[in-house]
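K.L.:
The sequence and its predicted three-dimensional model are supplied below.
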Amino acid sequence: MGFFLEVVLGGLMAGVLYSLVALGFVLIFKASGVFNFAQGAMVLFAALAMARLAEWLPPMLGIDSVLWANLIAFAVAVVVMIAVAWAIERVVLQHPKSQQPRGYFVQISADGQTWQEVARKADNWLMVDVAFPPAEARYVRVETTNTSLYQPWGIADVIVWESAPQWLRGRNP
């Protein structure tokens, strides 16, 4: 029975660790739009920082209790990792996130002089399809709002239909 409990608890702990890693990937991606595969390195750095601090702090502070030394080392390691994570976010992750426009608007014109706005998006970090009601126009203009200071952005593909094709409407031809 003891072996069974050990295997069950070990499996549950491994599952919790996997779920925490997956949750970390999701949180970082949702917050920054960038996959950060350096989580393992950050966890290793935090563990080594705590181990080294647990070794160095007791003689420096005159603490005899192992429990208090580990708790203080843990607290200091958390503060250090928060500072490291903040620095990584500011230096590394902030730039790729801001390389795309934060917003855009689409205008159409029949003569190139008078423009009518047909679509607007305030916060956009990913590729997007823009659709608007049919209108007669000769010109289409797409402009950004709050663009990046780091990289220019571009339009990858423009497809204009007189009317939506059958496959786009969800029906088979």
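P.N.:
Received, thanks. Everything numeric in this text was worked out from a predicted model, so none of it was measured.
K.L.:
where exactly do the helices run in the chain?
P.N.:
Taking DSSP state H as the criterion, the chain carries its helices at 2-32, 39-61, 66-88, 94-97.
K.L.:
Figure out how far the second one is from the centre of its chain.
P.N.:
Looking back up the chat, that one is helix 39-61. Taking the mean of its C-alpha atoms, helix 39-61 sits 27 Å from the chain's own mean (Cα atoms, centre = their mean, to the nearest Å).
K.L.:
Check which residues of it are buried.
P.N.:
Under the neighbour-count criterion of 16 or more other Cβ atoms under 10 Å, helix 39-61 has 46, 49-50, 53-54, 57-58 buried. Any C-beta I mention is one placed from the backbone N, CA and C, and that applies to glycine too.
K.L.:
Identify the residue nearest residue 143 in space, chain neighbours excluded?
P.N.:
The shortest distance from residue 143 to any residue that is not its chain neighbour, by Cβ to Cβ, 6 or more residues apart in numbering, is 5.8 Å, and that residue is residue 105.
K.L.:
Okay, the one you found and residue 144: tell me how far apart.
P.N.:
Separation of residue 105 from residue 144 (Cβ to Cβ, to the nearest Å): 8 Å.
K.L.:
Give me the mean pLDDT for stretch 76-84.
P.N.:
The average pLDDT within stretch 76-84 is 91.
K.L.:
again, but for stretch 44-61
P.N.:
In this model, stretch 44-61 carries a mean pLDDT of 88.
K.L.:
Mark out where each domain of the protein begins and ends.
P.N.:
For the chain, the structural domains run 2-97, 103-169, going by automatic domain parsing.
K.L.:
and those, which one's lowest on average pLDDT?
P.N.:
Lowest mean pLDDT within the domains of the chain: domain 103-169, at a mean of 71.
K.L.:
Could you count how many residues lie near the residue nearest to residue 143?
P.N.:
17 (other Cβ atoms under 10 Å).
K.L.:
try the one 10 residues further on
P.N.:
Per other Cβ under 10 Å, the neighbour tally for residue 115 reads 18.
K.L.:
any idea how far it lies from residue 35?
P.N.:
Between residue 115 and residue 35 the computed distance is 38 Å (Cβ to Cβ).
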